[in-house]
Structures are given as C-alpha cells and as structure tokens.
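**Student:** Would you be able to build a 3D model of this:
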Amino acid sequence: MNEKNNFHELLIKAERFCAYQERCSYEVKQKLKELGAGVNETEAIILSLQEDDFQNDERFARLFTSGKFRIKRWGKNKICAELRMRHIPDSFIKKGLDAINEEDYLKTLKELAKKKEREVKSKNLKDKNQKIGMFLLSKGFESELIWKALKSPSHWGEGLG
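**Tutor:** Numbering: from 1, shown residues only. Below is the predicted model of the structure:
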C-alpha cells in the first residue's frame, strides 16, 4: 500500500512540475530522481504524464525554440545544442527550428550585428568585424550567415562591412 501511495504522490508532484511550465522528459526524469523515484517508477510516471498530455517533448522543442529565439534572440546552433543537452530527438529539434521564420531570423541577425557594431570601440574594420562575428557566433548564429552579413553591407544595411 505504501508503495502505491508513494507512486501516486510522485505522480502528483510530477504533474505539478509539468503544469508550472513546459518540461521535457529529461527534466522530469531528473526531478523524479531528486525525489527518490526508482527507474521503473520514473518510466511509468513519464508514460502517464505523456498519456495525459502533461509532458510532450515535441511541444517542448517547439516552445523552447520559439522562446529562446524571440526572447533571448538565440541562433539555431545554440538552440539546437541546448535541446540536445536535454535529450530531445533530432526530428523534434528540426521541427522546432523549421518553425522559425527565415526572414525574422535574418532580421534578428542584422539587428544584433548593428547593435554590437555600435558597442565595439575599435576603429580597425577587421578587428571590429571579428568582434561582431564572435559575438554572433556566441549567440548561436551560423558562421556562413555571419560572414555573409559582414561582407555584404548593401544586403544588410549601412555600416556593416
């Protein structure tokens, strides 16, 4: 009886954990481990959460991608790396990244580059571009897009390049 009560208690805690904000199955597993759940209990609880739609890794990937791009202004590489750290399947990562509007993505890259250009104090163009490029790489943007932006100022607006 005690084992059944413990399972039910853990399930309720996991449901609350997932209801508070969107979670991936990896985060739920970590939380259940902290709470002292065994491997079998953890698997059964996650299955129950998924059946009741408290937890869904595909939905998590879409929402995570959308939020990190819109709010944190992260590039696809950084988003992808973070999702992989959370053990999200590549097919779900791809769906999340595909949902990013390409025009918005390039506009964000341009805005971040222009903002960084204003902040960089160096007068040396090569040095300035290197600092802007490194900043954009750290935000997770693809190097091909960054270097294209830095080399073609007519395409990206006045000031870059």
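**Student:** export the helix or strand hosting residue 95 as PDB, just CAs?
**Tutor:** Assigned by DSSP states H and E, residue 95 belongs to helix 90-98. What follows is helix 90-98, C-alpha atoms only, in PDB (Å, rounded to 0.1, in the frame of the first residue of the first chain):
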ATOM      1  CA  ASP A  90      16.700  15.300 -33.700                       C
ATOM      2  CA  SER A  91      13.300  15.100 -35.500                       C
ATOM      3  CA  PHE A  92      11.700  17.300 -32.800                       C
ATOM      4  CA  ILE A  93      14.600  19.700 -32.900                       C
ATOM      5  CA  LYS A  94      14.300  20.000 -36.700                       C
ATOM      6  CA  LYS A  95      10.500  20.700 -36.400                       C
ATOM      7  CA  GLY A  96      11.200  23.400 -33.800                       C
ATOM      8  CA  LEU A  97      13.900  25.100 -35.900                       C
ATOM      9  CA  ASP A  98      11.900  24.900 -39.100                       C
END
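**Student:** in it, what counts as buried?
**Tutor:** Across helix 90-98, burial judged by 16 or more other CB atoms under 10 Å covers 92-93, 96-97. No exception for glycine: its C-beta is placed from N, CA and C like everyone else's.
**Student:** Just give me how far that helix sits from the chain centre.
**Tutor:** When C-alpha coordinates are averaged (CA atoms, centre = their mean, to the nearest Å), helix 90-98 and its chain have centres 11 Å apart.
**Student:** Ok, stretch 122-142 next?
**Tutor:** Averaging C-alpha positions (CA atoms, centre = their mean) puts stretch 122-142 22 Å from its chain's average.
**Student:** can I see the domain layout of the protein?
**Tutor:** The chain is divided into the following domains under automatic domain parsing: 2-55, 58-98, 102-156.
**Student:** The shortest one spans what distance, first to last residue?
**Tutor:** Read that as domain 58-98. Counting by CA to CA, to the nearest Å, you get 13 Å between the two ends of domain 58-98.
**Student:** model confidence over that domain, on average?
**Tutor:** Domain 58-98 shows an average pLDDT of 97 in the prediction.
**Student:** before we move on, what about the first one?
**Tutor:** Along domain 2-55, the predicted local confidence has a mean pLDDT of 92.
**Student:** residues in contact with the residue positioned nearest the centre of the chain?
**Tutor:** In the chain, the residue lying closest to the centroid (CA atoms, centre = their mean) is residue 79, at 3.5 Å. Residue 79 makes contact with 64-65, 68-69, 96-97, 140, according to CB atoms under 8 Å, 6 or more residues apart in numbering.
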